[in-house]
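Asker: structure here, sequence nowhere to be found:
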């Protein structure tokens, strides 16, 4: 837990609901399984939730590390409004301590270093609508830790007909999980490995709560979700681990959940590791497909075959991709294969978007006029 800088009242500091008293003048944050116990003025490991005046507050409400229009495939989501632009933003901090974090400059930052943009939920929703975005993504750092802000933005977006996407590690307690995902339309969940030792040694976390979140999404919600696993050479990329993970996915989540195996590059506290070879991603894709997962993708590499969507019945290309650019579209208006009629699982519109691979930084306040 962090004690500095001190928490001072401001427009960015708001009261939260998920906390409890635990005695000895301590209160406990109940948003994630870490359950940080806080003295007055102390911050949790995530840095953005802390104790002020005997309650847990969020210190980053309405503040962001920046906004950018991305292709939805970058989240990555391949079966949710393909080809469309998504207005993406994050805040600061994280409730995991991944040594391999690829966004460490945001997720590991102290908030005052990165939070330059301010935007109300209504401003973000209007900007997304005016910019032609079909969705807003809470990403770059885990939205679980800015839950209150994300939920309010999602509510404002629904009033504008804009959908909400959470990019998360799924490390969240059951009660806030229900409220959080009730506000979301789609999510990509990082399944970082498939052993408790990996989560403990590399993330300072536990695997169990992440699996619980995935089962919850599958069994108790209508949220569209996809998985991502960043494969790190010699750490979580063995055949045996991928086989065990694939068997669990098929048994507990079904065959239709899209799964992205993505390439690690040296970063943060793992600069000594080499990047993930394309062959490793292709091997993992093959193992998962042989286990019964229908839609498996490779990411952070150039691999047209591994990034295109194929019909699970006839094997024809449904959505061809070259990076983030769509090259083929063989779904009918109902999201079915034009060749054999098999329904492709996902959320599709009658025609694909054409945003392509562009990334466009924006300031919502410049685009929020009614």
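Answerer: Right, received. Where do you want to start? Since this is a predicted model, take the numbers as computed values, not measurements.

Asker: any weak-confidence spans in the stretch 251-370 of the chain?
Answerer: Scanning the stretch 251-370 of the chain for pLDDT under 70 picks out no residues.

Asker: could I get the full set of helices for it?
Answerer: Under the criterion DSSP state H, counting those that start in this stretch, the stretch 251-370 of the chain carries helices at the ranges 278-291, 304-307.

Asker: what is the shortest one packed up against?
Answerer: With contacts defined as 3 or more Cβ pairs under 8 Å, 6 or more residues apart in numbering; DSSP states H and E, the packing partners of helix 304-307 are helix 278-291, strand 296-299, strand 317-322. In short, each C-beta sits where N, CA and C put it, glycine included.

Asker: mind giving me the packing neighbours of the first one?
Answerer: So the one you mean is helix 278-291. strand 224-231, helix 239-253, strand 259-263, strand 296-299, helix 304-307.

Asker: again, 6 Å this time
Answerer: If contacts are counted by 3 or more Cβ pairs under 6 Å, 6 or more residues apart in numbering; DSSP states H and E, helix 278-291 sits against helix 239-253, strand 259-263, strand 296-299.

Asker: OK, contacts around residue 357?
Answerer: Residue 357 sits next to 323-325 when contact means Cβ atoms under 6 Å, 6 or more residues apart in numbering.

Asker: drop anything exposed from those residues.
Answerer: Burial by neighbour count, 16 or more other Cβ atoms under 10 Å: within those this picks out 323-324.

Asker: of the contacts of residue 357, which is the nearest to residue 207?
Answerer: Checking the contacts of residue 357 against residue 207 by Cβ to Cβ gives residue 324 as the nearest, at 30.3 Å.

Asker: look up how far residue 191 lies from the closest one.
Answerer: In this view, residue 324 and residue 191 are 22 Å apart by Cβ to Cβ, to the nearest Å.

Asker: and the spatially most central residue of the chain, what is it in contact with?
Answerer: Against the mean C-alpha coordinate of the chain, by Cα atoms, centre = their mean, the closest residue is residue 167 at 1.1 Å. Residue 167 sits next to 75, 139, 188 when contact means Cβ under 6 Å, 6+ apart.

Asker: what's across from it in the sheet?
Answerer: Beta bridges link residue 167 to residue 188 when assigned by DSSP bridges.

Asker: quick one: it and residue 11, what's the gap?
Answerer: Computed as Cβ to Cβ, the residue 167 to residue 11 distance reads 26 Å.

Asker: same check, this time on residue 353
Answerer: Distance from residue 353 to residue 11, counting by Cβ to Cβ: 35 Å.

Asker: between those two, which has more neighbouring residues?
Answerer: Between residue 353 and residue 11, counting by other Cβ atoms under 10 Å, residue 353 is the more crowded of the two (19 against 10).

Asker: let me know whether the more buried one touches residue 83 as I believe.
Answerer: Yes. With contact defined as Cβ atoms under 6 Å, residue 353 and residue 83 form a contacting pair (3.2 Å).

Asker: returning to what we had before: from the contacts of residue 357, which is closest to residue 369?
Answerer: Closest to residue 369 out of those is residue 324 (29.2 Å), distances taken as Cβ to Cβ.

Asker: can you pull the pLDDT of residue 4?
Answerer: pLDDT for residue 4: 53.

Asker: all the strands of the stretch 51-200 of the chain, residue numbers only.
Answerer: Applying DSSP state E, counting those that start in this stretch to the stretch 51-200 of the chain gives strands spanning 55-58, 63-64, 66-71, 85-90, 117-118, 135-138, 163-168, 186-190.

Asker: circling back: could you identify which of the helices of the stretch 251-370 of the chain is most buried?
Answerer: Here the criterion is mean neighbour count by mean count of other Cβ atoms under 10 Å, and of the helices of the stretch 251-370 of the chain the winner is helix 278-291, at a mean of 18.
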